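Student: Structural data only, the sequence is not supplied:
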């Protein structure tokens, strides 16, 4: 096999591995963060019920909250200590998470701070129930449609298992050493990569759109 063909195949294989690794890590982080919000909401409710202010309750999440969201709330706490306005710090952390669930949470806390509300805890409980139900539904759908991801893995692997078997035959090995055979291998790697990415995209659930994107501090 020509060095240039080997280089192309090796580069495309590394690209596929890199994209798969990045996607896996990003998905794992997103899942951990999403699963943390019911606990975050419970901690906020408990803190508010104990008499703590909204800003104190949020800042405390830097130490008592789930590990996956502590860094963001730690930065929020440091902004408040540095003298930054609550609305500005709240908007900053809202944009850090950039998530429909957190938008609802921070908007609720903003209006409760700005105008006062006796129903803040009730609203937080309703958000918590909604988040828990949504996570359970998404987990069930992901489980049921897991066959799509498995099909993508099998579809990506099967042709190359067949190729490895064919390579054991002398005629096939010689054929793949020819320019046409090498071109087919490069095309096969590209087609496998594109098909895998397409199947992976189909298997993903659509992400909810953000409704509260207006800056809090600008109101």
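Tutor: Cool, got the structure. All of these numbers come straight from a predicted model, not from anything done at the bench.

Student: number of nearby residues for residue 141?
Tutor: 11 (other CB atoms under 10 Å). C-betas here are computed from N, CA, C, even on glycine.

Student: Report pLDDT for it.
Tutor: Predicted confidence (pLDDT) for residue 141: 79.

Student: Give me the domain ranges for the protein.
Tutor: The record's domain parsing of the chain by automatic domain parsing lists 3-27+145-203, 32-143.

Student: Give me the distance from the last one to the chain's centre.
Tutor: Its chain's C-alpha centre lies 18 Å from the corresponding centre of domain 32-143 when counted by CA atoms, centre = their mean, to the nearest Å.

Student: Over to the first one?
Tutor: Domain 3-27+145-203 has its average C-alpha position 25 Å from the chain's average C-alpha position, going by CA atoms, centre = their mean.

Student: That domain - what's its average pLDDT?
Tutor: On average, domain 3-27+145-203 scores 73.

Student: in this structure, which spans are helices?
Tutor: 3-49, 54-64, 70-81, 86-97, 100-115, 120-144, 146-166, 170-177, 179-203 (DSSP state H).

Student: Ok, which of those helices comes nearest residue 210?
Tutor: helix 100-115 (5.2 Å; CB to CB).

Student: Tell me the helices and strands packed up against the closest one.
Tutor: If you count contacts as 3 or more CB pairs under 8 Å, 6 or more residues apart in numbering; DSSP states H and E, helix 100-115 packs onto helix 3-49, helix 54-64, helix 86-97, helix 120-144.

Student: would JSON lines of those with distance to residue 194 be doable?
Tutor: Output for those, formatted as JSON lines (distance: least, CB to CB, whole Å):
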{"stretch": "helix 3-49", "distance to residue 194": "10"}
{"stretch": "helix 54-64", "distance to residue 194": "42"}
{"stretch": "helix 86-97", "distance to residue 194": "32"}
{"stretch": "helix 120-144", "distance to residue 194": "23"}
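
Student: Just put the helices of the chain in a markdown table and tack on distance to residue 209.
Tutor: Converted to a markdown table, the helices of the chain look like this (distance: least, CB to CB, whole Å):
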| stretch | distance to residue 209 |
| --- | --- |
| helix 3-49 | 16 |
| helix 54-64 | 25 |
| helix 70-81 | 21 |
| helix 86-97 | 15 |
| helix 100-115 | 7 |
| helix 120-144 | 14 |
| helix 146-166 | 23 |
| helix 170-177 | 48 |
| helix 179-203 | 18 |
